[in-house]
Every structure is written in C-alpha cells, then in structure tokens.
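S.K.: Let's see this in three dimensions:
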Amino acid sequence: MKKKKVAVIGAGMVGACVGRYLQRDGHDVVMIDPLEAGEGASFGNAGCFNPSSLVPIAGPDTFKQVPKYLMDPLGPLSIRWSYLPQLAPWLIRYGLAGTPEKIKQQAQALRTLISPCFDALMPLVDDAGAQKFVKRDGILIVYRSRESVAADARGWALRRENGIVWEEFDEAQLRAFDSNLTPDAKFGKYVPHNGHTVNPSELVKAIVDHIVKSGGRLVKAEAKGFAFDGDRLVAVETTAGRIEADTVVLAAGAHSKSLAASVGDKVPLETERGYHVMIRTPAIMPRVPTTDSENKFVVTPMQLGVRLAGTVELAGLHAAPNWKRAEILLKRLGALFPALGKDYSDNEITYWMGHRPSLPDSLPVLGRSTRSADVVYAFGHQHIGMTAAPYTGVVISDLISGRPSPIDLAPFRADRFY
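M.R.: The predicted structure follows:
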C-alpha cells in the first residue's frame, strides 16, 4: 500500500472517523474545516448510536402524516414556502424513493453501514481515551396508544427482517424502567444494543485531537475547490491557501453539494434543518435516550443536562433560524416527562439549529467522484451521522488504501439519481 497525503474536508463525526482510520492505515492526514472540530452538525444532534435506524425516512407511513404535520403549528415538520421552488426537485425525488421495494433495498444498504457501528467506533474511542463520552445502555421509544404502535408497524417489521432485536414493554414495564415517564405512556420498545454519547462535540474533538497528536493537522479554513494535473489531484484550494494532497475526502455534510458539483457530480443534497434545546439544570434525567413516537423528538441525558432534539425544517442553508421550532420541543416535553414540563428562564436553557445533510433516499454518498478517483465522497448521512460515521471511516480508508470495499458501494454512488 502506498502512503498518501489525504485531505479530509469536514471535521465533524464523519470526517473525524474517516481521518483517524486513514491515519491508522499509515496515511498523512490533514483535516480542513472553517469551524473547530465537532462544532457543525455534530455539535447539536441527539447523540444516539442507533444500529436500529435503518428505516428510510421516505415511505408510505411518512407520506400519510405529512399533511397533518404541516397543518399543526407544533408539528415535527415545517417548510418555508418561499423555499419551495428550490426544494421541489428534491421533494419529487423523495417521493419516488418511497416505494416499498426501494425502501427494502435502502434498508438493506443502510444495515451494512450501521450494523458494525460499535465495532468500528470503539477502537477510535479507545485510541483517543474518550470512553467517558460513550454509553451503551440502549434507547427507548414510547407510545401512548395501540394506534400509534400500529402506525410504526411497517418500520419495525423492516427492522426485524434486518436482524434488529428489541424488547416490548407494557405500561408496568415502562414504569419500572423509568418512573419519570408520563402516565400516558402505555407501550414501549427498548432497543438494548443501541447507545449514545453524553457529549457529541467533545467526542469528535477527542478523536480529532488524537489525529493531531498522532502527526495529523487541523486547518481552520473553508475549502473552495480542487487543483488537478489532468485527472490527478494536486491540491485543495482553501481560504487559508493551497493544501497539497494526493487524495481528498469530501465529508462536509450539508455543505458538500457545491464542491461535488465542481467535479461533475450534481448530487440532490438538501438540508433538513434540526433544532435542539439544552436544559442545563433538569429536575430529572431520563434513564436512556427516549423518543416520543407521536411527536418525533428525542430526549437524551448528557453531561451538560438534558437535550431535546428533533423536528425537521426545510428552508435551505442560508435562512435565519426560526426559534419557534425549538420552542415546540419545550412545549411537547412535559407530555413525555412531566417533571421537565415547566417554563424555563433564559439562563436555564440554550437553543441550537444545525443542518442535517439529506439525500432523497436516506442513503449517504460514498465512493469516488466521476471527475477523478482522487476525490472521494463521504457525505449525506442525514439523521444517522453519529451511527454511520464509524464504519464510513472503515469503508473510505479501505477504498483509499486499495483494499476491496467491505460493503457494496453501488447503492451509495453519487450518480444514482440520474
């Protein structure tokens, strides 16, 4: 294997895992990001490592709910109507991706990427001495009625087909598991093999810090383009100057679209803007990350308090945040954990908004660009970035190091929509 100079654009969870696996393979690594490591989308997510999250977002059950969500001011989905003309092509592809046969294929592809999550994550955690940031005690999904359980049946059947196991809880078992839950919670599904990080940003920082301590570099700059000699990559052009590289990995999340287009791949990448609220001094802590199935948000116990994460807003990369979307999470919280349902002062909470990088079929883009084999893609991990990042690191490092891919990369190719 030839040692290469590899530039990784993006110092979030995906970039960190890719960079560290490349370094473990003996390559020289430079990370490029205009922000500090772990300060983009990785900063504010729900922090879950969920190998069970293989159900694509597009599908009949989601489509049925969309009108209701859009009519509900407290609903989990919002569209900025001024953005609709730009969004329409993505929405059309989203609809076309949601057929039963395509969903089945997408779930099988996702399984190959997220099932090995912990096997791929823990070596990096151990390298970085970051064990304190990772918990492997499962997640809980809560339901209030048999009807809401039935509404999710298709997704759970798909999980069962792909080898996911879980425990079914009745009302008494829910109370025994977490007595802080609302009495309205009647049914639950506990997925014991999932887990979470108690501080997503610090976990990413720890991995990137270890890359730097092991001889890599972190350059605070924005990548603007690539320099080639024929089809061979020469350098990455950045706001801090030219960075020489033999290979570049594009792992810039929702900001990857224009750079991919510059090398000929017009990827239908959108941002699903997500919001979170951190409660710094919560009255209680959930036992594990807990999902409200009806209201589509997650409550995660973390080092700095309780994080409420969720909602989807389709409004593009540049619109100002709509903090009412974060307030919705607070308004819904008391219906899940009554002890947390109160009015909070500004010094008790913080709000955040970030950009999930999403493709219409819920699959990321992985593999080489059509312009040059030296430009490699690792972006578009939508709602499962934390879960999919570790094995993405393995897959991309194998590709750059000249080993056969451990998974079939065809479902993840950049040109699959054309």
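
S.K.: Name the SS class of the residue most central in space within the chain, please.
M.R.: Closest to where the C-alpha atoms of the chain average out (Cα atoms, centre = their mean) is residue 385, at 2.5 Å. Under DSSP: H, G, I helix; E, B strand; the rest coil, residue 385 falls in the helix class.

S.K.: What is the neighbour count of the residue nearest to it when sequence neighbours are not counted?
M.R.: Nearest residue to residue 385 in three dimensions, chain neighbours excluded: residue 13, at 5.6 Å (Cβ to Cβ, 6 or more residues apart in numbering). Heads up, the C-betas are built off the backbone N, CA and C, glycines and all. Neighbour count for residue 13, taken as other Cβ atoms under 10 Å: 34.

S.K.: For the residue nearest to the centre of the chain, give its distance to residue 238.
M.R.: As judged by Cβ to Cβ, to the nearest Å, residue 385 and residue 238 stand 23 Å apart.

S.K.: likewise residue 84?
M.R.: In terms of Cβ to Cβ, residue 84 sits 34 Å off from residue 238.

S.K.: And those two? Which one has more around it.
M.R.: Remark: of residue 84 and residue 238, residue 238 carries more neighbours, 19 against 12, as counted by other Cβ under 10 Å.

S.K.: Tell me which residues touch the closest residue to that one other than its chain neighbours, please.
M.R.: Once flanking residues are discounted, residue 238 sits nearest to residue 221: 4.0 Å by Cβ to Cβ, 6+ apart. Residues in contact with residue 221 (Cβ atoms under 8 Å, 6 or more residues apart in numbering) are 32, 33, 34, 238, 239, 240, 241.

S.K.: how about a cut-off of 10 Å?
M.R.: Residues counted as contacts of residue 221 (Cβ atoms under 10 Å, 6 or more residues apart in numbering) are 9, 32, 33, 34, 236, 237, 238, 239, 240, 241, 243.

S.K.: Write down the beta-bridge partners of the second one, one by one.
M.R.: This points to residue 32. Under DSSP bridges, the beta-bridge partners of residue 32 are residue 9, residue 219.

S.K.: Which strand or helix spans the residue lying closest to residue 162 once chain neighbours are set aside?
M.R.: Nearest non-adjacent residue to residue 162, counting by Cβ to Cβ, 6+ apart: residue 111, 4.6 Å away. Applying DSSP states H and E as the criterion places residue 111 in helix 100-114.

S.K.: Can you list the helices and strands that that helix packs against?
M.R.: Judged by 3 or more Cβ pairs under 10 Å, 6 or more residues apart in numbering; DSSP states H and E, helix 100-114 is in contact with helix 60-71, helix 153-161, helix 385-400.

S.K.: In that helix, which of the residues would be classed as buried?
M.R.: 103, 106, 107, 109, 110, 111, 112, 113, 114 (16 or more other Cβ atoms under 10 Å).

S.K.: And it, how far out from the chain middle?
M.R.: Centroid separation between helix 100-114 and its chain, computed with Cα atoms, centre = their mean, to the nearest Å, is 16 Å.

S.K.: again with stretch 269-280
M.R.: 11 Å.

S.K.: Likewise for stretch 115-125?
M.R.: That offset, for stretch 115-125, works out to 15 Å (Cα atoms, centre = their mean).

S.K.: what do you get for stretch 187-197?
M.R.: Its chain's average C-alpha position is 17 Å from that of stretch 187-197, according to Cα atoms, centre = their mean.

S.K.: okay, how far is it across it, tip to tip?
M.R.: Separation of the first and last residues of stretch 187-197 by Cα to Cα, to the nearest Å is 25 Å.

S.K.: mind listing what's buried in it?
M.R.: Taking 16+ other Cβ under 10 Å as the criterion, stretch 187-197 shows 187, 188, 189, 190, 191, 193, 194, 195, 196, 197 as buried.

S.K.: pretty sure the second one contacts residue 152?
M.R.: No. The criterion here is Cβ atoms under 10 Å, and residue 188 misses it with residue 152 at 11.8 Å.

S.K.: Find residues that contact each of the two.
M.R.: 141, 143, 293.

S.K.: Which of those residues fall in strands?
M.R.: Among the shared contacts of residue 188 and residue 152, the ones falling in strands (DSSP state E) are 141, 143.
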